[in-house]
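Undergrad: everything below, folded, please.
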Amino acid sequence: MMQIIRSTERHTNDHGWLLSKFSFSFADYYDPSNRNFGALRVFNDDVIQPGTGFGMHPHADMEIMTYVIDGTLEHKDSLGNTGVIEAGEVQRMTAGTGIYHSEYNHSKTEPLRLLQLWFLPKHKDLEPSWEQKRFSKEQQAGKLLPVISGEPQGEALSIHQDLSVYLSSLENGQSVAHKQAEQRRMYVFVIKGSLTLGGGERLDNGDTARIQNVTELILTANEPTEFMLIDMA
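TA: The predicted structure is shown next:
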């Protein structure tokens, strides 16, 4: 089964300093029929204007992934972690028993685009933790590169859930295939460009496919394309 969600079908919030596109029920967007897809609870596509951002705010019992597409993100948290996350870097945060953090566009002149994903953890009351790593376009070129995984997998960051997040960068006409066990889910999001999926479905910039009970999927780029694929229980 495959459900295609077009970019224009996402809920959009424009606050001036922040343009957010929600793929699931979140904040002032309430849709009880669209609360999650498996363990994936939040998938937000945000553009934050220069010098603005989110002040200190709390989270608990959630696995949070942030991927910076363009620009630089300044991070601070109650564990004492501080740093700047640049384009191509992935951050993973276990909120667990509770954590506060802030997120700001580090640049005073350039906008910041990021994806933020929230996953339900396998267990509650985990010890809060944080880590980040850069994954280059060269590492992603022509393949599915694991960047977060519930099991040890290459250089992927760890997460407390049965899933793997992959990034890929394809040239026009280039294809990759993903195989998974039955009864699992795939979530495909086009960051930039355009893909054709194995059954002929086309996904353009900002489009999503929610896929269930498909054991193999071939993805072919219609132009230079960057995308994310999530394999989860």
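Undergrad: in its sheet, what does the helix-or-strand element of the chain with minimal mean pLDDT sit against?
TA: Lowest by mean pLDDT, DSSP states H and E among the helices and strands of the chain is strand 82-86, with a mean of 93. Paired neighbours of strand 82-86 in the sheet (DSSP bridges): strand 72-77 (antiparallel).
Undergrad: contacts made by the strand it pairs with with the rest, please.
TA: 53, 56, 66, 81-87, 91, 93, 99-107, 112, 114, 130, 132 (C-beta atoms under 8 Å, 6 or more residues apart in numbering). From N, CA and C alone the C-beta is placed, and that goes for glycine too.
Undergrad: burial count for the nearest residue to Arg185 once chain neighbours are set aside?
TA: Leaving aside its chain neighbours, Arg185 sits nearest to Gly38 (4.8 Å; criterion: C-beta to C-beta, 6 or more residues apart in numbering). By other C-beta atoms under 10 Å, 19 other residues sit near Gly38.
Undergrad: from the contacts of strand 72-77, which land in strands?
TA: If you go by DSSP state E, these have 53, 56, 66, 82-86, 91, 93, 99-105, 112, 114, 130, 132 in strands.
Undergrad: in PyMOL, how would I select just the buried ones from the residues you listed?
TA: Here is the PyMOL command that selects the buried residues among these (16 or more other C-beta atoms under 10 Å):
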select buried, resi 53+66+85+91+93+99+101+103+104+105+112+114+130+132
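Undergrad: and stretch 114-127, C-alpha only, in PDB?
TA: Provided in PDB are the C-alpha atoms of stretch 114-127 (Å, rounded to 0.1, in the frame of the first residue of the first chain):
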ATOM      1  CA  LEU A 114      15.900  22.200   8.300                       C
ATOM      2  CA  LEU A 115      13.900  19.000   8.800                       C
ATOM      3  CA  GLN A 116      12.900  18.100  12.300                       C
ATOM      4  CA  LEU A 117      11.600  14.600  13.000                       C
ATOM      5  CA  TRP A 118      10.200  13.200  16.200                       C
ATOM      6  CA  PHE A 119      10.000   9.500  16.900                       C
ATOM      7  CA  LEU A 120       8.200   7.700  19.700                       C
ATOM      8  CA  PRO A 121      10.900   5.900  21.700                       C
ATOM      9  CA  LYS A 122      10.900   2.100  22.500                       C
ATOM     10  CA  HIS A 123      10.900   2.900  26.200                       C
ATOM     11  CA  LYS A 124      10.000   5.900  28.300                       C
ATOM     12  CA  ASP A 125      12.200   7.600  31.000                       C
ATOM     13  CA  LEU A 126      15.500   7.200  29.100                       C
ATOM     14  CA  GLU A 127      18.500   9.100  30.100                       C
END
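Undergrad: in that stretch, what counts as buried?
TA: 114-121, 126.
Undergrad: which residues touch His101?
TA: 56-57, 59, 75-78, 93.
Undergrad: and those residues, which of them are buried?
TA: 59, 75-77, 93.
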